[in-house]
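In: dropping a prediction and its sequence here:
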Protein chains: 2
Amino acid sequence: MSNPIRVAILGATGAVGTELLELLQSRNFPLAELKLLASPRSAGRTLSFQGEELLVEPVSEKSFENIDVVLASAGGSTSKAWAAKAVESGAAVIDNSSAFRMNPEVPLVIPEVNPDAAAMHQGIIANPNCTTILMAVAVWPLHQVQPVQRIVAATYQSASGAGMRAMEELKTQAQAILHGETPITESFPYPLAFNLFPHNTPLNEQGYCEEEMKMVNETRKIFNVPQLRVSATCVRVPVLRAHSEAINLEFAQPMSVATAREVLANAPGVRLVEDWQANYFPMPIDASGRDEVLVGRIRQDLSHPCGLELWLCGDQIRKGAALNAVQIAELLVARNLLRPATTTMAH
Amino acid sequence: MSNPIRVAILGATGAVGTELLELLQSRNFPLAELKLLASPRSAGRTLSFQGEELLVEPVSEKSFENIDVVLASAGGSTSKAWAAKAVESGAAVIDNSSAFRMNPEVPLVIPEVNPDAAAMHQGIIANPNCTTILMAVAVWPLHQVQPVQRIVAATYQSASGAGMRAMEELKTQAQAILHGETPITESFPYPLAFNLFPHNTPLNEQGYCEEEMKMVNETRKIFNVPQLRVSATCVRVPVLRAHSEAINLEFAQPMSVATAREVLANAPGVRLVEDWQANYFPMPIDASGRDEVLVGRIRQDLSHPCGLELWLCGDQIRKGAALNAVQIAELLVARNLLRPATTTMAH
């Protein structure tokens, strides 16, 4: 067994931070110490961990001394402000924001997909976008059997992707509408309860939103296929937790449904959920709180001889964020990769 | 102006029947008489129409005497039981069920798409599936500029597609969940509030549900392209009314976004809804109660040089059902097509 690890969670009070705490407990992560950090605004609260109440400290210059791993989930600007300092203090930073994901010197890692990429880290390892993780976990095993030529995805993304306040807002909006009142919108630009809308991240010149471009660019980086053909339509739906995705795949040669099903039934991080008699397939309420990506409705694409259609649901906070980060930490520990591949940060 | 028409609504008390009544009023349909019919179970109620209370009569052998047009929206078995009798009585039946849609002798009509097909009717004209209508209204104008080679659709279908009780069930479920209670499921096999699931119509051997096969087969028939390549993933989402669809189109040659936008901005039955600055695109709450299919987010498919992505929302009860049926009736009146193309039913 490896030596116990000193861990800091940056952004401990958020939806992902809460889940990180739960996972470090339930997975028996070899902890020597756990430090909870947050912005000064969120600091001062206590959170329970293994029967103890831990104080959430405001992040500062000294927060990262004698820390081995920082699990950062406090947003891009916080990560940009503190990651380099944490690395200078000798910590490995597993960052859940999008700040470093496309930096060519930062590995973007899903342990079931590209664990070896972690070895090249210079202090920071990026946790991919949630929607990308869920898709990649399901598509990668098929890609090993036969390279995927093209992916067309349509997503059904829950409120949890926008954080705890957004989940509360969805419930408050639903309550208002049921009482004939006008729903209040704060986290989202439009009412989400009993409604849906294209993902409201900024749009690029081609009309794709940031969320869609993450699915395109991050998948290319994780799969190490820079020209992989990917298109996506990302949509926010009035679901509390767990994202769903309809995925159309094209291969160079036909892949039988039987092959795809067998591959996915044995793939790490995937649970095949297909009861054709009962018309039962992955649903967000069944994916919520689970580690695996639920995959089902695998079928031959009627419109393309080398196409497959599949459907998946995954817990966006868990495998889409916190679990993947903890798995990266476990990978660093198991492979003795806590220290950077070289001693200086590359530029 | 044409002579006033004697109309019967079969299934007057349902979600589509209610909308038919509203549309006959608001569109000033040239009515000579309006008869409301329903199953014996639903008959006996009165519904208000143009300030009068009309009695809903139980459907019987004599219901169709002296009726010119029957607007049928009482489900497939009711249509199968009564359509032939209505035709024998001399009425044209515009049927909203799936009972006759794929019958080669029954025209399947969207007035904006294939109005000429109506001329061949033998008494029955089928109203297409709601999801198919919305997609076809948006794709057909582009298909006129350059034939579509392939369609891959993912749908976001509201509770209204399963009727009034399903809409109420969604609200009741949401209320229960907000109060920490277990939601009751009757219309749907699984809870829909704050959840979603693949469309629960029966599955064929290839794993496609009936709703998906309607999109495939009905689009081929309406477009008169028997080999059109179509694949679909149909999903029920916790939205009250109006369906949404993410549609990926492939053409033989590239079609520019500018061309597609111009074509759709001028297409009948379509309203282009794209505010790129405000990140505002079609939403179900904006499509509800509207006649047009709202189309937006038209963009070059990043994964295919001849591909386009687009997003649409349309009122499933209105253009997806009742409005299309009334438009067919208006078409029959305008083109003097109330009588069948031949005097005997073909077999």
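Out: The structure has been received and is ready for your questions. Numbers count the residues shown, from 1 in each chain, chains lettered A, B, ... in the order given.

In: show me what the strand or helix carrying A:A154 is packed against.
Out: In the assignment (DSSP states H and E), A:A154 maps to strand A:148-156. Strand A:148-156 sits against helix A:130-145, helix A:210-223, strand A:229-233, strand A:235-236, strand A:243-251, strand B:148-156, with contacts defined as 3 or more C-beta pairs under 8 Å, 6 or more residues apart in numbering or on different chains; DSSP states H and E. (Each C-beta comes from the backbone N, C-alpha and C, glycine too.)

In: now the first one, how far from the chain's geometric center?
Out: Spelled out, it's helix A:130-145. Relative to the chain's own centre, helix A:130-145 is displaced by 12 Å; criterion: C-alpha atoms, centre = their mean, to the nearest Å.

In: show me which positions of it end up buried.
Out: Residues of helix A:130-145 classed as buried: A:130-143 (neighbour count, 16 or more other C-beta atoms under 10 Å in any protein chain shown).

In: which secondary structure elements does that helix sit against?
Out: Applying 3+ C-beta pairs under 8 Å, 6+ apart, one finds that helix A:130-145 contacts strand A:148-156, helix A:210-223, strand A:243-251, helix A:257-265, strand A:270-272, strand A:293-300, strand A:307-314.

In: angle of the second one against strand A:243-251?
Out: What that stands for is helix A:210-223. Taking axes from the mean of the first three to the mean of the last three C-alpha atoms, to 10 degrees, one finds helix A:210-223 and strand A:243-251 inclined to each other by 50 degrees.

In: let's see helix A:210-223 as PDB, backbone CA atoms only.
Out: Listed next in PDB are the C-alpha coordinates belonging to helix A:210-223 (Å, rounded to 0.1, in the frame of the first residue of the first chain):
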ATOM      1  CA  GLU A 210     -18.200  26.600 -25.600                       C
ATOM      2  CA  GLU A 211     -19.800  23.400 -24.300                       C
ATOM      3  CA  GLU A 212     -20.000  22.000 -27.800                       C
ATOM      4  CA  MET A 213     -16.500  23.000 -28.600                       C
ATOM      5  CA  LYS A 214     -15.300  21.200 -25.400                       C
ATOM      6  CA  MET A 215     -16.800  18.000 -26.700                       C
ATOM      7  CA  VAL A 216     -15.000  18.500 -30.000                       C
ATOM      8  CA  ASN A 217     -11.600  19.600 -28.800                       C
ATOM      9  CA  GLU A 218     -11.300  17.700 -25.600                       C
ATOM     10  CA  THR A 219     -12.300  14.400 -27.200                       C
ATOM     11  CA  ARG A 220      -9.600  15.000 -29.900                       C
ATOM     12  CA  LYS A 221      -7.000  15.600 -27.200                       C
ATOM     13  CA  ILE A 222      -8.000  12.700 -25.000                       C
ATOM     14  CA  PHE A 223      -8.200  10.200 -27.900                       C
END
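
In: which parts of it are buried?
Out: If you call a residue buried by 16+ other C-beta under 10 Å, then helix A:210-223 has these buried ones: A:211-223.

In: returning to that earlier point: turn the helices and strands packed on strand A:148-156 into JSON lines, including mean pLDDT.
Out: Shown next, in JSON lines, are those (pLDDT from 0 to 100):
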{"stretch": "helix A:130-145", "mean pLDDT": "98"}
{"stretch": "helix A:210-223", "mean pLDDT": "98"}
{"stretch": "strand A:229-233", "mean pLDDT": "98"}
{"stretch": "strand A:235-236", "mean pLDDT": "98"}
{"stretch": "strand A:243-251", "mean pLDDT": "98"}
{"stretch": "strand B:148-156", "mean pLDDT": "98"}
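
In: let me have those in a markdown table, adding distance to B:D95 as columns.
Out: A markdown table is the format used below for those (distance: least, C-beta to C-beta, whole Å):
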| stretch | distance to B:D95 |
| --- | --- |
| helix A:130-145 | 41 |
| helix A:210-223 | 40 |
| strand A:229-233 | 33 |
| strand A:235-236 | 33 |
| strand A:243-251 | 30 |
| strand B:148-156 | 23 |
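
In: so which of these gets nearest A:E186?
Out: Using C-beta to C-beta as the measure, strand A:235-236 is the one of these that comes nearest A:E186, at 14.4 Å.
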